[in-house]
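Chemist: Got a predicted structure here, sequence first:
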Amino acid sequence: MTEKYADGLLNGSVPGEATKQDENVKRGNWGNQIEFVLTSVGYAVGLGNVWRFPYLCYRNGGGAFMFPYFIMLVFCGIPLFFMELSFGQFASQGCLGVWKVSPMFKGIGYGMMVVSTYIGIYYNVVISIAFYYFFSSMTRVLPWTYCNNSWNTYDCIGVLSPPSNNTNASGLQHSAQATLNLSQIVNQTLKRTSPSEEYWRRYVLKLSNDIGNFGEVRLPLLGCLGVSWVVVFLCLIKGVKSSGKVVYFTATFPYVVLTILFVRGITLEGAVDGILYYLMPQWDRILDAKVWGDAASQIFYSLGCAWGGLITMASYNKFHNNCYRDSIIISITNCATSVYAGFVIFSILGFMASNLGVDVSKVADHGPGLAFVAYPEALTLLPISPLWSVLFFFMLILLGLGTQFCLLETLVTAIVDEIGSDWIIRWKTCVTLGVAVVGFLLGIPLTTQAGIYWLLLMDNYAASFSLVIISCIMCVAIMYIYGHRNYFKDIEMMLGFPPPLFFQICWRFCSPVIIFFILIFTVIQYKPINYNDYIYPPWAITLGFLMALSSVICIPGYAFFRIWRSEGVTFLQRLKNATKPSMDWGPALSEHRTGRYTPLRGPSSETNLEVQLLQQEKSKCEELSLVLRGRNGSAHSQDSKV
């Protein structure tokens, strides 16, 4: 008995409660806690860990960037992560259902859905490009190695010389150019065009000259987009029960590939220079406000806060799961992965800089340019380059799929929870298929010749400052509208202990202030988007702002709607009724609704109780009469004695 009691306390469960009562049979739970942790790690660790974090490091003073980065992790990242996990787990609802806590703020949930929709559309397009490069790497010679292809121009200068038996006239010219001393070429006024860049722009994308010039649909990319959506659907065909099994591979194998690339990278010539550039702190940058702003934004976007995915994933936890422990493990794992990926990236970039005879800062880029231009070119310099290329792009695919699983599950869970009927739960697979088909159709314009322009537009505007606003309003709604004392009691009821004092202070003061700082800094530092030398036209910038506002506008829009529909004569009465928790707010299972969530007994229940007591007394009298009747052998004599 003592051992069972101790186990219950360790797991955060109520002593004496049967384990099976913690299972949400109707909605479903994770198969075990490892599946939830791996899924959350796969969600948080994405493509941004590979290309955005290393870029921010060398742009903001190398090792000096680590200092504000980890401060933002402690005071903003982990507290927000814990808040969203505990919020979804307590109510066992997705990003819409949890706002029974204060119905007026349900627009936050709709805003999260809009953000997840935008990200899910273009994120799968990036995965499809990774699929394309993955399939293209299955050859003896990578197609972006030399400049003797039909899509290359006379400005193309490769690091490696093409095969000597090349008889193509342009190929001979490229060969002659390739034999020039690389340091002389770099010092020339003419800009070098790498074969990987021309392969990316002129062959894979067939890039048009304007965002409005869609051109043709790139059928190879369209086919890979279909493959990526089919993979995502098959992995989510049974909800978290199926995706929880897939993440054992998708969340762990990227670390195997990173380790292989790291071991190979540090053995290359010039790798030490790249790693030193990555780690060497420039302490004069530590007082630069821009460095702190970039550190805060990277923590915020890297952990996936305000996307709705964290709330959704946690909603499938058992009620007494220790999400406090999980939030710390997942957050630290995510940030450690970013740092580890930086070593891998800069060891390869250092080798590439050594071969080109240039500084490390001149061979690195960010975004798709880093993943599909710089890295592929670096891979051509490695022995058995097709093998490393296959491993690298397979890693990118798995990193992308881990995030895409949660994005799609966020939308599906929100729809199913909002309808809430038994038939929608039975047909959840069809809902998943419908969302996948719609996502595929909306992603088709991004596979055209102007697709990369639209992809970057969505990436820079659809999920930028809108996430900051959503997260800030969520903190205010939970801490100051619902009440911090109520929320702390909910967590104590769920975990068996209140949130630590540090998290209480961060939720109420530190995190909202930091989030507000990010928002202000984003506005002050705003610069119009551009792609290399292409400047986006004003109408495209306006469309980008409209995409950003489309998620934020859900919050005041639904708030006014809810106040208008609420009961009350005056505006203040309607406002009060719109902000107080719904009657069904609280734990999903009846056995967990204790304390202030215990259902109240009405008059009808008291009447039924009295009737049951009278019936019990009557039955006892009848039993006593039968016993006495049996002892005296006569019904008549028994009646007279009574």
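Modeler: Nice, I can see it.

Chemist: which residue ranges form the helices in the stretch 101-250 of the chain?
Modeler: Per DSSP state H, counting those that start in this stretch, the stretch 101-250 of the chain carries helices over the ranges 106-136, 169-178, 182-187, 195-198, 219-235, 240-250.

Chemist: tell me what the shortest one is packed against?
Modeler: So the one you mean is helix 195-198. Here helix 195-198 touches helix 375-380, going by 3 or more CB pairs under 8 Å, 6 or more residues apart in numbering; DSSP states H and E. All C-beta spots, glycine's among them, are computed from the backbone N, C-alpha and C.

Chemist: what packs against the helix it packs on?
Modeler: helix 195-198, helix 323-356, helix 385-419.

Chemist: mind checking which of the ones you listed is nearest Phe82?
Modeler: Set against Phe82 and scored by CB to CB, the helices and strands packed on helix 375-380 come closest in helix 323-356, at 3.9 Å.

Chemist: if we can go back for a sec, closest to Pro376 out of the helices of the stretch 101-250 of the chain?
Modeler: helix 195-198 (4.5 Å).

Chemist: show me where the chain has strands.
Modeler: Here the chain has its strands, by DSSP state E, at 530-531, 534-535.

Chemist: Output those as JSON lines; include the columns distance to Asp459, mean pLDDT and mean neighbour count.
Modeler: Converted to JSON lines, the strands of the chain look like this (distance: least, CB to CB, whole Å; pLDDT from 0 to 100; neighbours: other CB atoms under 10 Å):
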{"stretch": "strand 530-531", "distance to Asp459": "11", "mean pLDDT": "84", "mean neighbour count": "14"}
{"stretch": "strand 534-535", "distance to Asp459": "15", "mean pLDDT": "90", "mean neighbour count": "14"}
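
Chemist: Leaving aside the residues adjacent along the chain, what's closest to His334?
Modeler: Actually, residue 334 is Asn. It isn't His. Nearest residue to Asn334, sequence neighbours excluded (CB to CB, 6 or more residues apart in numbering): Ala44, at 4.2 Å.

Chemist: Was I right to think that neighbour contacts Leu303?
Modeler: Yes - with contact defined as CB atoms under 8 Å, Ala44 reaches Leu303; the gap is 5.4 Å.

Chemist: Give me the common contacts of these two.
Modeler: Ser331, Asn334 (CB atoms under 8 Å, 6 or more residues apart in numbering).

Chemist: hmm, back to that, can you list the helices of the stretch 101-250 of the chain in CSV and add distance to Phe65?
Modeler: Formatted as CSV, the helices of the stretch 101-250 of the chain follow (distance: least, CB to CB, whole Å):
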stretch, distance to Phe65
helix 106-136, 25
helix 169-178, 36
helix 182-187, 27
helix 195-198, 27
helix 219-235, 33
helix 240-250, 29
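
Chemist: who wins for proximity to Trp507 among those helices?
Modeler: Nearest to Trp507, of the helices of the stretch 101-250 of the chain and by CB to CB, is helix 106-136 at 15.7 Å.

Chemist: Distance from the closest one to the middle of the chain?
Modeler: Helix 106-136 has its C-alpha centroid displaced from the chain centroid by 10 Å (CA atoms, centre = their mean, to the nearest Å).

Chemist: now it against helix 385-419, angle please.
Modeler: If you take axes from the mean of the first three to the mean of the last three CA atoms, to 10 degrees, helix 106-136 sits at 160 degrees to helix 385-419.

Chemist: helices and strands around helix 106-136, which ones?
Modeler: helix 219-235, helix 385-419, helix 428-443, helix 451-461, helix 465-476, helix 538-552, helix 554-565.

Chemist: Serialize those to CSV and add fields for mean neighbour count and distance to Cys510.
Modeler: Output for the helices and strands packed on helix 106-136, formatted as CSV (neighbours: other CB atoms under 10 Å; distance: least, CB to CB, whole Å):
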stretch, mean neighbour count, distance to Cys510
helix 219-235, 19, 37
helix 385-419, 23, 27
helix 428-443, 17, 36
helix 451-461, 22, 28
helix 465-476, 23, 10
helix 538-552, 16, 23
helix 554-565, 16, 23
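
Chemist: Just send the ones you listed back as JSON lines, with distance to Met352 too.
Modeler: JSON lines is the format used below for the helices and strands packed on helix 106-136 (distance: least, CB to CB, whole Å):
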{"stretch": "helix 219-235", "distance to Met352": "26"}
{"stretch": "helix 385-419", "distance to Met352": "13"}
{"stretch": "helix 428-443", "distance to Met352": "32"}
{"stretch": "helix 451-461", "distance to Met352": "23"}
{"stretch": "helix 465-476", "distance to Met352": "33"}
{"stretch": "helix 538-552", "distance to Met352": "33"}
{"stretch": "helix 554-565", "distance to Met352": "45"}
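
Chemist: Gly109 is nearest to which of those helices?
Modeler: helix 385-419 (6.9 Å).

Chemist: for that closest one, the distance to its chain's centre please.
Modeler: 9 Å.

Chemist: what does stretch 492-505 give?
Modeler: That offset, for stretch 492-505, works out to 25 Å (CA atoms, centre = their mean).

Chemist: any idea of the mean pLDDT in that stretch?
Modeler: Averaging pLDDT along stretch 492-505 yields 95.

Chemist: on that earlier part again, same list, the helices of the stretch 101-250 of the chain, but as JSON lines with mean pLDDT and distance to Trp539 please.
Modeler: Converted to JSON lines, the helices of the stretch 101-250 of the chain look like this (pLDDT from 0 to 100; distance: least, CB to CB, whole Å):
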{"stretch": "helix 106-136", "mean pLDDT": "95", "distance to Trp539": "19"}
{"stretch": "helix 169-178", "mean pLDDT": "40", "distance to Trp539": "39"}
{"stretch": "helix 182-187", "mean pLDDT": "42", "distance to Trp539": "38"}
{"stretch": "helix 195-198", "mean pLDDT": "89", "distance to Trp539": "28"}
{"stretch": "helix 219-235", "mean pLDDT": "95", "distance to Trp539": "25"}
{"stretch": "helix 240-250", "mean pLDDT": "82", "distance to Trp539": "39"}
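
Chemist: closest to Ile211 out of these?
Modeler: helix 106-136 (14.0 Å).

Chemist: orientation of that closest one relative to helix 465-476 in degrees?
Modeler: 140 degrees.

Chemist: so helix 106-136 versus helix 554-565, what angle?
Modeler: Angle of helix 106-136 versus helix 554-565, following the same axes, to 10 degrees, is 150 degrees.

Chemist: who's in contact with Ser40?
Modeler: Leu310, Met313, Asp326, Ile330, Cys406.

Chemist: switch the cut-off to 10 Å
Modeler: Counting by CB atoms under 10 Å, 6 or more residues apart in numbering, Ser40 touches 81, 85, 247, 251, 303-304, 309-310, 313-314, 323, 326-327, 329-331, 333-334, 402, 406.

Chemist: same check, this time on Leu467
Modeler: Leu467 touches 111-112, 115, 119, 297, 300-301, 304-307, 515, 518-519, 548, 551-552, counting by CB under 10 Å, 6+ apart.

Chemist: distance of it from Gly496?
Modeler: 32 Å (CB to CB, to the nearest Å).

Chemist: Flag the shaky bits of the stretch 351-500 of the chain, pLDDT-wise.
Modeler: Residues of the stretch 351-500 of the chain meeting the criterion pLDDT under 70: 356, 361, 363-367, 369.

Chemist: What pLDDT is listed against the nearest residue to Gly586 once chain neighbours are set aside?
Modeler: Nearest residue to Gly586 in three dimensions, chain neighbours excluded: Tyr597, at 4.1 Å (CB to CB, 6+ apart). Tyr597 is assigned a pLDDT of 91 by the prediction.

Chemist: got it, and the one 5 residues further on?
Modeler: Here, the pLDDT recorded for Gly602 equals 48.

Chemist: State whether Cys406 and Tyr316 are indeed in contact, as I suppose.
Modeler: No - with contact defined as CB atoms under 10 Å, Cys406 does not reach Tyr316; the gap is 11.1 Å.

Chemist: Quickly list what's touching both of those two.
Modeler: With CB under 10 Å, 6+ apart, Cys406 and Tyr316 have common neighbours Thr39, Ser243, Thr413.
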